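Visitor: Sequence isn't available, so here's the structure alone:
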């Protein structure tokens with residue numbers, strides 16, 4: 001769902017506090033007025049593509065049209081499964097197809113004798129299996145709960161759609177700012193009004209914040225542990241500072257190359273980058289901790305002696321990470 005336009009949809013609920021001596025009809029009108037004003041304020045933001053109180057019929061009509069156009073894909077499998085259960089329970093001597101045809105004709109005949117057929121007579125010719133009328137019957141509880149009128153108990157409901165994807169920064173903070181601004185404007189006319197809302201953008205932003213916090217914490221913890229291990233195993237820890245310019249220079253080069261090639265970078269890029277940076281540090285410690293063959297062995301000689309195992313280790317690392325290109329998850333690839 002997160003990859004489709006439906007992910008941009010948000011559902012907001014407003015509750016207006018009661019006034020002393022106010023009747024239910026007057027309170028309902030205040031809720032409708034508050035929802036209409038909130039929707040107008042929200043729709044005026046560049047981050048919001050559309051905002052409508054659910055009492056308006058436009059979104060509901062569009063949803064009904066979509067369901068009808070896709071009725072066979074959405075409703076037929078469940079209808080077949082339900083009818084097959086009835087067929088097995090009936091222990092009929094007829095074949096499944098013959099029994100189903102007879103039952104569908106009986107259901108249609110029974111439905112045509114009901115008064116509500118007037119409301120659906122235009123679609124029966126293209127929906128003789130009564131897939132849509134059955135769905136309407138099952139959804140009748142929502143109408144009784146007030147959702148068909150854009151209500152949920154004491155709350156008025158608002159439907160909104162953002163312009164940008166909720167998985168991108170443009171579809172998160174600007175949307176939150178627009179909702180906050182509309183809420184502040186509502187407080188000027190209806191002090192004490194309560195707002196509740198949900199949408200994928202909220203979950204995506206919370207996930208992003210958590211990932212950033214965990215990465216910062218884990219990286220700091222890893223650095224502390226590396227320093228502790230080095231202090232315990234290396235006689236002259238300060239000499240390991242020679243690794244710092246190499247590692248920082250490599251990271252800077254990787255940042256420049258990556259940001260020059262792509263405008264937006266997924267968080268997993270930094271996760272994999274942190275792993276590779278850790279591998280590079282390990283190579284440096286491996287090279288630094290190897291004992292000398294002789295007290296006067298030059299550093300260049302020792303490096304040449306260790307070059308083959310280091311390159312073999314680097315090659316296995318490259319091969320291992322390259323296998324991610326065949327991952328089943330597009331995001332990993």
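Guide: The structure has been received and is ready for your questions. What you see is a predicted model, and the numbers here were worked out from it, not measured in a lab. Numbers count the residues shown, from 1 in each chain.
Visitor: can you give me the strands for the stretch 51-200 of the chain?
Guide: Counting by DSSP state E, counting those that start in this stretch, the stretch 51-200 of the chain has strands at residues 151-152, 155-162, 194-199.
Visitor: pLDDT (mean, whole number) over the last one?
Guide: The predicted model gives strand 194-199 an average pLDDT of 91.
Visitor: what comes up buried for stretch 44-56?
Guide: Across stretch 44-56, burial judged by 16 or more other C-beta atoms under 10 Å covers 45, 47-48, 50-55. C-beta here means a position set from N, CA and C on the backbone, and glycine is covered the same way.
Visitor: just stretch 172-180 next, same as before
Guide: By neighbour count with 16+ other C-beta under 10 Å, stretch 172-180 contains the buried residues 172, 174-175, 178-179.
Visitor: Can you tell me which of these is nearest residue 25?
Guide: residue 179 (28.8 Å; C-beta to C-beta).
Visitor: got the contact list for that closest one?
Guide: 12, 42, 195, 197 (C-beta atoms under 8 Å, 6 or more residues apart in numbering).
Visitor: Have a look at this structure and report its longest helix.
Guide: Longest helix of the chain, by residue count under DSSP state H: helix 200-233.
Visitor: wait, which of the buried residues of stretch 44-56 is closest to residue 288?
Guide: Set against residue 288, the nearest of the buried residues of stretch 44-56 by C-beta to C-beta is residue 47 (51.9 Å).
Visitor: Next up, phi/psi of that closest one, please.
Guide: Per-residue torsions, residue 47: phi -80, psi -10 (degrees, to the nearest 10).
Visitor: dump the residue contacts of the residue lying closest to it once chain neighbours are set aside.
Guide: Spatial nearest neighbour of residue 47, excluding adjacent residues (C-beta to C-beta, 6 or more residues apart in numbering): residue 174 at 3.7 Å. Listed by C-beta under 8 Å, 6+ apart, the contact set of residue 174 reads 45-47, 164.
Visitor: Same question for residue 268.
Guide: 331-332.
Visitor: Make sure it is indeed in a strand.
Guide: No: using DSSP: H, G, I helix; E, B strand; the rest coil, the assignment for residue 268 is helix, not a strand.
Visitor: Good, we can wrap up now.
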